[in-house]
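1. Let me see the structure of the following:
(chains A, B and C)
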Amino acid sequence: MPVDHRRLCGPEESHAPALWAAEEGGDESPRDPWALRPLFARAAVLSQADGSAYVELSGGTKVLCAAWGPREAPEPPTAAAAAAALRMGRLQCDFRRAPFASRGARRRPGSTAERDAERDLAAALRTALEPTLQLERYPRTRLLVSVLLLQDEGSVLAAAISAGALALADSGVQMYDLAVGCALCRGPDPSAAWVLQPGEAEERRAAVRLTVALLPALNQVSAVQGAGSGGTPEDWAEALCFGLDACYRLYPVLRQSLLQATCRRRRAM
Amino acid sequence: MDPSERFCVPGERLCSAEEATAGSGTYTRHGFIFSSLAGCVEKTSEESGLPVVSVVRDSDPQLLPDVGVVVTCKVCSINSRFAKVHILYIGSTPLKSIFRGTIRKEDIRATEKDKVEVYKSFRPGDIVLAKVISLGDSQSNYLLTTAENELGVVAAHSDAGMQMVPISWCEMQCPRTHTKEFRKVARVQPEFLQT
Amino acid sequence: MAEAFKTVEPLEYYRRFLKENCRPDGRELGEFRTTTVNIGSITTADGSALVKFGNTTVICGVKAELATPTKDSANKGYIVPNVELPSLCSPRFRSGPPGEEAQAASQFIADVIENSQIIEKEDLCIANGKLVWVLYCDIICMDYDGNLLDASAFALLAALKNVQLPSVTINEETGLSEVNFKQKNPLMIRKHPVATSFAIFDDTLLIVDPNAEEEDLATGTVTVVTDEEDRLCSVHKPGGSPLTGAKLQDCITRAITRQREVKKLIDKVINSIKPK
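-> Numbers count the residues shown, from 1 in each chain, chains lettered A, B, ... in the order given. Take a look at the predicted model:
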């Protein structure tokens, strides 16, 4: 295994104590599939970023996000990219998961698996957020969104999408709309119903997982990301509607947090 | 705070495009005006025609260098063909991050362009007023010009480290050693004198 | 106009404040920013703490895992600290593997742990030569406004004080270890090392707890670490302008009072969450 010289590594091998623990009864009480976990959002929380937001889902998922307005873009690698850069700006996303964010074993920062997972999350985040931005107003520049996942108790990407949209709006870049993310999943049992905003355990057991992102004011879907097997097209369509409906229910909370931050900024002047 | 103030978030529908004209911080879609910022809604009534709806934030909007605007920049390197600069201000608004620009030899002054020499016009560290002439192409960054009387060097340090005083449109003098150095000097406008 | 002066001549701008014995953010030269600590907010970690020095925010999460000890220190566990400066905390850092500053900070924290004996590594031993605890202490900066080292060291100490380890027994018959999450024990914290950083201006002037702007303008920094018995654990001075012995003595004296204040703050917070 390659050695990471930039970090202090500790022993070559170590295991989470849970491996040796007696299995704990994982029976959770059945939950109302319509119920949403209470969401806490606060914008303008960081000093060094142009805009920022913190989103916490009841149950423990904690996501912090920073955004920076237009900055000089690095030299585009190809002529085609350069031509595109002249027309519109680029959104760049960075996603980091804290090594202590998950239950069980510590995630090794810098390991291949971790880097791949972070890259996938960053790409999904970019897909969901890009349609919210008026990028044609910012030629030759890049906008930056950087996310730090502090605690993973499920529905992480959805929380990051909501936080990212808030941070961008807080940074003062011109946008078409906010974006609201919501995750849902379905257990392996064929008769299982879709559950909104699954927790980490529910996600782990799920046969199908889905994250939708909605631009609520424009009523457009900016991203749908799903994985899993089973289910008819009708079933998936139903899930999508279910998820979008949840996004509409979450929107007022996000909007309110942004309005409060705007008021706070105004008062601070 | 004024209770009549209305705050909005991006994507919020402000009014029909028939009732007002879309101002800054807004966009129009399907015959309606929407907010593109999280900020405060302002409606100004024009004498003639429709009122203008705009959304303002208290922090300065994130300006970008655009064609025709005057910028303040700092020279970072020169060679025989051009000077490379960092753009620091747009008008009087400081930029949050640096953008790079280029002043080509032929854009330094308006007359006798063939006799211009870059090192007799700028030195690294000089503060220069310039105007954006192009956003550049795929190879270069912002192109700037100083080919106007009001544009050129506004502040420069001599070899002795003193702030120099302009004595003509092409020379500056060190107040301590009295050595003269060549520069493309800007005729300073009163509004920039206080700095 | 003050804004313009600050952009064009930041150092000169700053010196004008220092002449009046104050700083642009309103602090006196020897004044710390408001310091707060929040303990145990990350439930996926075995111990965690969030520390704020003004805007600077640092979180430390400790994950405990089991490993076999090395042959030459068969009764010692491991403490593995890492400091990360993600792109989120400041535009000056890029995404990707830790840069120079993060690596230097990790090494500094490792040195503090080693020199201060904050935890006896023997305390982490479960079965001699067979099984020991590894404490991964991941320190992440969330908002970088200067004085990373003090905040990191503080977050580490507070997080370690929050750690609860499940009890582990080795089954005599099978030789396998059994972990009982229902029975948890706190770590034995032997020492309370506290770091205090100073920025040096114009080779002579010392200001305490510098913010990011001050660090950028300063000609050097020095960090002094002391414990509750007023013993020096570490003096960290990465280059920069020289410092006289007398000035260094001043730093140590100030660091000792700071250690008291921080210790008091930690004790208060720990006690406030203890009754249960």
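2. Now for residue B:69: which residues touch it?
-> By Cβ atoms under 8 Å, 6 or more residues apart in numbering or on different chains, residue B:69 lies in contact with B:90-91, B:131-132. (C-beta placed from N, C-alpha, C; glycine too.)
3. Going through these, which ones are buried?
-> Buried by 16 or more other Cβ atoms under 10 Å in any protein chain shown: B:90, B:131-132, out of those.
4. so which of those are also by chain C?
-> Among the buried ones among the contacts of residue B:69, no residue lies close to chain C (Cβ under 8 Å from any Cβ of the partner chain).
5. Could you find the closest non-adjacent residue to residue C:209?
-> residue C:32 (4.5 Å; Cβ to Cβ, 6 or more residues apart in numbering or on different chains).
6. And residue C:196, by the same measure?
-> residue C:255 (3.8 Å).
7. Just confirm the one you found is within a helix.
-> Yes. Assessed by DSSP: H, G, I helix; E, B strand; the rest coil, residue C:255 belongs to a helix.
8. In this structure it contacts residue C:230, no?
-> No. At 9.2 Å, residue C:255 and residue C:230 do not qualify as touching, with contact defined as Cβ atoms under 8 Å.
9. So among the contacts of residue B:69, where is pLDDT lowest?
-> The member of the contacts of residue B:69 with the lowest pLDDT is residue B:91, at 84.
10. how close does it get to chain C?
-> Distance of residue B:91 to chain C, given as Cβ to the nearest Cβ, to the nearest Å: 12 Å.
11. My guess is that residue contacts residue B:70. True?
-> Yes. Between residue B:91 and residue B:70 there is a contact under Cβ under 8 Å: 6.4 Å.
12. related to what we said a few turns ago, which ones among the contacts of residue B:69 are found in strands?
-> Among the contacts of residue B:69, DSSP state E puts B:90, B:131-132 in strands.
13. hang on, the earlier thing: who's in contact with the residue nearest to residue C:196?
-> Contact partners of residue C:255, counting by Cβ under 8 Å, 6+ apart, are C:194-196, C:224-226.
14. what residue ranges in the chain score low on pLDDT?
-> Looking at chain A here, since you left the chain open. Within chain A, the segments meeting pLDDT under 70 span A:1-3, A:21-30, A:269.
15. Correction: the question concerned chain C.
-> Within chain C, the stretches with pLDDT under 70 are C:1-4, C:7-8, C:274-276.
16. try 50 this time
-> C:1, C:276 (pLDDT under 50).
17. in it, which spans are strands?
-> Counting by DSSP E, chain C has strands at residues C:35-39, C:47-53, C:56-67, C:78-84, C:125-127, C:131-143, C:164-170, C:177-186, C:194-201, C:205-208, C:220-226, C:232-236.
18. mind checking which of these is nearest residue B:42?
-> Checking the strands of chain C against residue B:42 by Cβ to Cβ gives strand C:131-143 as the closest, at 32.1 Å.
19. Give me the packing partners of the closest one, helices and strands only.
-> Judged by 3 or more Cβ pairs under 8 Å, 6 or more residues apart in numbering or on different chains; DSSP states H and E, the packing partners of strand C:131-143 are strand C:56-67, strand C:78-84, helix C:100-116, strand C:125-127, helix C:148-162, strand C:164-170.
20. Using CSV, lay out the ones you listed together with distance to chain A and mean neighbour count.
-> Shown next, in CSV, are the helices and strands packed on strand C:131-143 (distance: least, Cβ to the nearest Cβ, whole Å; neighbours: other Cβ atoms under 10 Å in any protein chain shown):
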stretch, distance to chain A, mean neighbour count
strand C:56-67, 3, 25
strand C:78-84, 4, 24
helix C:100-116, 6, 19
strand C:125-127, 10, 18
helix C:148-162, 9, 26
strand C:164-170, 6, 16
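21. can I get those in JSON lines with distance to residue C:178?
-> Shown next, in JSON lines, are the helices and strands packed on strand C:131-143 (distance: least, Cβ to Cβ, whole Å):
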{"stretch": "strand C:56-67", "distance to residue C:178": "11"}
{"stretch": "strand C:78-84", "distance to residue C:178": "21"}
{"stretch": "helix C:100-116", "distance to residue C:178": "29"}
{"stretch": "strand C:125-127", "distance to residue C:178": "11"}
{"stretch": "helix C:148-162", "distance to residue C:178": "25"}
{"stretch": "strand C:164-170", "distance to residue C:178": "5"}
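22. can you tell me which of those comes nearest to residue C:91?
-> Closest approach to residue C:91 among the helices and strands packed on strand C:131-143 (Cβ to Cβ): helix C:100-116, 13.9 Å.
23. Residues contacting that closest one, please?
-> Contacts of helix C:100-116 (Cβ under 8 Å, 6+ apart): A:6-8, C:79, C:81-85, C:93, C:98, C:118-119, C:137, C:139, C:148-149, C:152-153, C:156, C:191, C:193, C:195, C:223, C:225, C:227, C:233-234, C:236, C:238.
24. Now do the SS call for residue B:102.
-> strand.
25. How much space separates it from residue C:13?
-> Residue B:102 sits 29 Å away from residue C:13, going by Cβ to Cβ, to the nearest Å.
26. Now do the helices in chain B.
-> Using DSSP state H, the helices found in chain B span residues B:190-193.
27. Show me which residues of it are close to chain A?
-> For chain B, the residues found near chain A under the criterion Cβ under 8 Å from any Cβ are B:1, B:7-13, B:25, B:27, B:29, B:34, B:36-40, B:57-59, B:61-62, B:64, B:96-100, B:135-139, B:141.
28. Quick check on those: which are buried?
-> Buried among the residues of chain B next to chain A by 16+ other Cβ under 10 Å: B:7-12, B:25, B:27, B:34, B:36-40, B:57, B:59, B:61-62, B:64, B:96, B:99, B:135-136, B:141.
29. Would you check how far apart the residue nearest to residue C:35 when sequence neighbours are not counted and residue C:34 are?
-> Nearest residue to residue C:35 in three dimensions, chain neighbours excluded: residue C:53, at 5.5 Å (Cβ to Cβ, 6+ apart). Using Cβ to Cβ, we find residue C:53 at a distance of 8 Å from residue C:34.
30. so how far is stretch A:53-65 from its chain's centroid?
-> Computed by Cα atoms, centre = their mean, to the nearest Å, the chain-centroid distance of stretch A:53-65 equals 10 Å.
31. Appreciated, that's everything.
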